[in-house]
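**Q** I'd like to go over a predicted model; first the sequence, then the structure.
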Amino acid sequence: MTYALASRAAENEPAGGITGWATDLMDRLGAPGAGLAIALENLFPPLPSEVILPLAGFTAAQGRMSLVAALVWTTVGSVVGALALYGIGALIGRDRIRRLVDRLPLVKLSDLDRTEAWFARHGGKAVFFGRMVPIFRSLISVPAGVERMRMTTFLVYTTLGSLLWNTAFVMAGYELGDNWRTVEEYVGVYSKIVLVLAVLGVLVFLGLRIVKSRRTGREPGTHRAETRDFERDRIF
């Protein structure tokens, strides 16, 4: 019976695929298996929560774990994964980040200063809402660690954001039953939109920075001033 249900959940997923792997974890460990899968999803973003969470809900609907346990353990897994990434950010540290930014073309330390100031004011909101944005839901924990956000604040916002995200997807899988994969299709579109907007934002930033640097280099007298400095250096 268990094998039949697992095969039904996996549908056409090839052996060893994400669905088969997650199904096997849940069959072996129950709700803690769902939590482990979500913890790993946080550390390895290519593992999609939009597959694991609805699958956990579908598994609960089949009676192989309780719905409450699925919600609790997936949220625990999210928090554990976020804490690991927070630790990575804390190990990297602010000084290393500043040295790295200082070497990057078209990026200034003043950009980092503004980002840090923004994070100091809105870090809690960033962590909370970031937990509900594909791609960034895992990465947001790293700058929180770099900035050494207060641990209690980080845990509260991470737990609340993760609980909302997880509940929405687990309940969707629970209610949709055999059609739980519909969630993956819709979230896939959402993820692509977020990715496109992120790429466009980066391109706009780089484009504006390139234009600004070229205009600065062409200001009247700039070339003459640089020539005088060069000649002075040669003399002295």
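**A** Good, I have the coordinates.

**Q** show me what counts as buried in the helix or strand where residue 80 lies.
**A** Here residue 80, judged by DSSP states H and E, is contained in helix 67-103. Within helix 67-103, the residues that count as buried by 16 or more other CB atoms under 10 Å are 67, 69-86, 89-90, 97, 101. Where C-beta positions appear, they are placed from N, C-alpha and C, glycine not excepted.

**Q** how many residues are close by the closest residue to residue 125 other than its chain neighbours?
**A** Of all residues not flanking residue 125 in the chain, residue 157 sits nearest, at 7.8 Å (CB to CB, 6 or more residues apart in numbering). Residue 157: 23 surrounding residues under other CB atoms under 10 Å.

**Q** my read: residue 157 touches residue 132, true?
**A** No: counting by CB atoms under 8 Å, residue 157 sits too far from residue 132 to count as a contact (11.3 Å).

**Q** pass me the low-pLDDT residue ranges in the chain, would you?
**A** Of all residues in the chain, those with pLDDT under 70 make up the ranges 1-16, 45-46, 106, 184-192, 194, 198, 202, 205-206, 209, 216-236.

**Q** contacts for stretch 141-149, please.
**A** With CB atoms under 8 Å, 6 or more residues apart in numbering as the test, stretch 141-149 has contacts from 42, 82-83, 85-94, 97, 116, 119-120, 123-124, 126-127, 154, 158.

**Q** thinking again about what came up before, any idea how far residue 145 is from the residue nearest to residue 125?
**A** Note on residue 157: its distance to residue 145, by CB to CB, to the nearest Å, is 14 Å.

**Q** go on, residue 39?
**A** From residue 39 to residue 145 the distance is 16 Å (CB to CB).

**Q** please apply the same query to residue 181.
**A** Noted for residue 181: a distance of 34 Å to residue 145, by CB to CB.

**Q** could you do residue 119 as well?
**A** To residue 145, residue 119 is 11 Å away according to CB to CB.

**Q** check residue 44 too.
**A** In terms of CB to CB, residue 44 sits 17 Å off from residue 145.

**Q** between these two, tell me which one has more neighbours.
**A** Taking other CB under 10 Å, residue 44 and residue 145 do not tie; residue 145 has more neighbours (21 against 10).
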